[in-house]
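**Student:** below are the sequence and a predicted model for it; my questions follow.
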Amino acid sequence: MDILIEAYHYAFAHQEQLRIALQQHLLLVLVPLTIAGLFAGSLGWQCARWSRQQRQRTSLYAIVVLNLFNGLRVIPSLAILFLVIPTLGLTFQAAALALSLLAIPPILLATEVGFRTVPAAICEAGLAMGMTPWQLFLQVEMPLALPIVLAGVKTATLEVIASATLAAFIGAGGLGSLISLGFALNNTAILLVGAIPVTLLALGAEGLLSGLERALLS
């Protein structure tokens, strides 16, 4: 309990530092998720389309693309961060790129599965009723695939929230800077000032996305 009180006093005395770190951390989460969502979402939809065109479970093109990006998951988050340093240096852009690469696989896989498992008969019925491909996508495919896609987004969000703490090692800031400062000074209170908000962000994102997922399935 004493350590929590000490952490509270440190946070109160360094409110500006904590605010800046939190803003940086949120940017390190939102920017990569936006990039990964747009890229992986469109690519996952295309992979599902290839599979449908060939009327098989997964097309060869889709297998190649999915395995290529899924291979990124075996690379440690910190290694990805350091791999982009030679290109972009110790910058926010380097951290955002690395975290985007981390977020792509779960969103890509979930999107491909979500759209691939939409029953072909429903799509054919929609087209027979005179729906345009765009109407079919918005009114039929997207609502049916969205719960699965959202599960991938939730996984990616939690991974990025946790891994964004490592961005401090390349000078990109965020709540990880407080965690690393706590380690450097051997001060658990400072470490908790960074770790507790990260935990709360992860729990909040988990609760929000899980609730949205249940609402879509109900």
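**Tutor:** Cool, the structure landed.

**Student:** report the contact partners of Ala103.
**Tutor:** Counting by Cβ atoms under 8 Å, 6 or more residues apart in numbering, Ala103 touches Pro32, Leu33, Ile35, Ala36, Gly37, Ala40, Ala156, Thr157, Glu159, Val160. C-betas here are computed from N, CA, C, even on glycine.

**Student:** need the max-distance pair from those residues.
**Tutor:** Pairwise distances across these peak at 14.3 Å for Ile35 and Glu159 (criterion: Cβ to Cβ).

**Student:** which residue, neighbours along the chain excluded, lies closest to Ala172?
**Tutor:** Of all residues not flanking Ala172 in the chain, Ala95 sits nearest, at 3.7 Å (Cβ to Cβ, 6 or more residues apart in numbering).

**Student:** distance from the chain centre to the strand or helix carrying the one you found, please.
**Tutor:** In the assignment (DSSP states H and E), Ala95 maps to helix 92-116. How far helix 92-116 lies from its chain's middle: 6 Å, per Cα atoms, centre = their mean, to the nearest Å.

**Student:** tell me which residues of it come out buried.
**Tutor:** Residues of helix 92-116 classed as buried under the neighbour-count rule (16 or more other Cβ atoms under 10 Å) are 92, 94-116.

**Student:** what ranges in this protein fall below the confidence cut-off?
**Tutor:** Scanning the chain with the threshold set as pLDDT under 70 gives 1, 53-60, 72, 75-78, 81-82, 84, 86-90, 218.

**Student:** for the residue nearest the centre of it, pull up the helix or strand it's in.
**Tutor:** Most central in the chain under Cα atoms, centre = their mean is Ala156, positioned 2.9 Å from the mean C-alpha point. Assigned by DSSP H and E, Ala156 belongs to helix 142-163.

**Student:** neighbouring contacts of that helix?
**Tutor:** Counting by Cβ under 8 Å, 6+ apart, 28-29, 32-33, 36-37, 41, 44, 77, 99, 102-104, 106-111, 113-115, 117-118, 122, 198, 201-202, 205-206, 209-210, 212-213, 216-217 sit against helix 142-163.

**Student:** try it again with 6 Å
**Tutor:** 29, 32, 77, 99, 102-103, 106-107, 110-111, 113-115, 118, 201-202, 205, 209, 213, 216-217 (Cβ atoms under 6 Å, 6 or more residues apart in numbering).

**Student:** same question for stretch 35-52.
**Tutor:** 58-59, 61-62, 65, 100, 103-104, 107-108, 111-112, 115-116.

**Student:** now swap in stretch 201-218 and tell me
**Tutor:** With Cβ under 6 Å, 6+ apart, stretch 201-218 has contacts from Leu146, Pro147, Leu150, Lys154, Thr157, Leu158, Ile161.
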